[in-house]
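**Student:** no sequence for this one, just the structure:
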Ligand SMILES: CC(C)(COP(=O)(O)OP(=O)(O)OC[C@H]1O[C@@H](n2cnc3c(N)ncnc32)[C@H](O)[C@@H]1OP(=O)(O)O)[C@@H](O)C(=O)NCCC(=O)NCCS
């Protein structure tokens, strides 16, 4: 599959896109099976009750889902939002789709009084592209918890202030 960014459009995904979400998350090769299930639970929440706890935005080439982002307000905070999950089909990496998805998600957050975005990721070497992505988008490391996910696999907390 070749993803052509010029024809990628953003819109809300539906429950029928769940299988593609699993395929995309699996195809990244980064996530353990239990993490894939968590991604799907968040996606289900976003399609069953959009905008309540979770919101999803999909990137589509025609009607084919090539990437998605899931996010929501962080409970118990004033204006903090979690960027829970963002993934793009590896066939479409480095074509600006992730940036488009993150920008759209930040616009929704800002439009709902969001002021701070939190994105958690791993320190593992294979997450280097993910960290480079967040840093390219203006996220900075706010905290790090050693050995959080596993031995030698730290939690890296990125934040970004929305203007
Ligand atoms: C992170 C991810 C969503 C980025 O999607 P993408 O569509 O490839 O990203 P973009 O093309 O919009 O990249 C935007 C910028 O991020 C940086 N970037 C993205 N991928 C990079 C890589 N592999 N190496 C270095 N920098 C990278 C670059 O600065 C890039 O801009 P440029 O291409 O003009 O140089 C994608 O790599 C992915 O799905 N990764 C696996 C899932 C994941 O880790 N999700 C986050 C945790 S839930």
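**Tutor:** Sure, I can see it. Nothing here was measured: the structure is a model prediction, and the numbers come from that model.
**Student:** quick check, pLDDT for residue 7.
**Tutor:** Looking at residue 7, its pLDDT is 87.
**Student:** quick check: beta-bridge partners of the residue nearest to it when sequence neighbours are not counted?
**Tutor:** Residue nearest to residue 7 in three dimensions, not counting chain neighbours: residue 61, with 5.9 Å by C-beta to C-beta, 6 or more residues apart in numbering. Using the backbone N, CA and C atoms, a C-beta is placed for each residue, glycine as well. Counting by DSSP bridges, residue 61 forms beta bridges with residue 8, residue 64.
**Student:** wait, doesn't residue 61 sit right on residue 11?
**Tutor:** No - using C-beta atoms under 8 Å, residue 61 is not in contact with residue 11, being 12.0 Å away.
**Student:** neighbour-wise, which of those two wins?
**Tutor:** Ranked by neighbour count (other C-beta atoms under 10 Å), residue 61 and residue 11 place residue 61 first, with 20 against 12.
**Student:** in the chain, what residue comes closest to the ligand?
**Tutor:** Going by C-beta to the nearest ligand atom, the ligand is nearest to residue 98 of the chain, at 2.4 Å.
**Student:** not counting sequence-adjacent ones, nearest residue to that residue?
**Tutor:** residue 88 (5.0 Å).
**Student:** what is the burial count for that neighbour?
**Tutor:** Look at residue 88: counted by other C-beta under 10 Å, it has 26 neighbours.
**Student:** before we move on, what about residue 52?
**Tutor:** Residue 52 has 11 neighbours, counted by other C-beta under 10 Å.
**Student:** got it, and residue 135?
**Tutor:** Neighbours of residue 135 (other C-beta under 10 Å): 12.
**Student:** mind checking pLDDT for it?
**Tutor:** Value for residue 135, per-residue pLDDT: 98.
**Student:** got a list of what it touches?
**Tutor:** residue 158 (C-beta atoms under 8 Å, 6 or more residues apart in numbering).
**Student:** what's the distance between the host helix or strand of it and the middle of its chain?
**Tutor:** Assigned by DSSP states H and E, residue 135 belongs to helix 128-136. Relative to the chain's own centre, helix 128-136 is displaced by 12 Å; criterion: C-alpha atoms, centre = their mean, to the nearest Å.
**Student:** right, and the helix or strand after it?
**Tutor:** Following helix 128-136 toward the C-terminus (DSSP H and E): strand 140-150.
**Student:** just the buried residues of that following strand, please?
**Tutor:** For strand 140-150, burial by neighbour count (16 or more other C-beta atoms under 10 Å) applies to residue 149.
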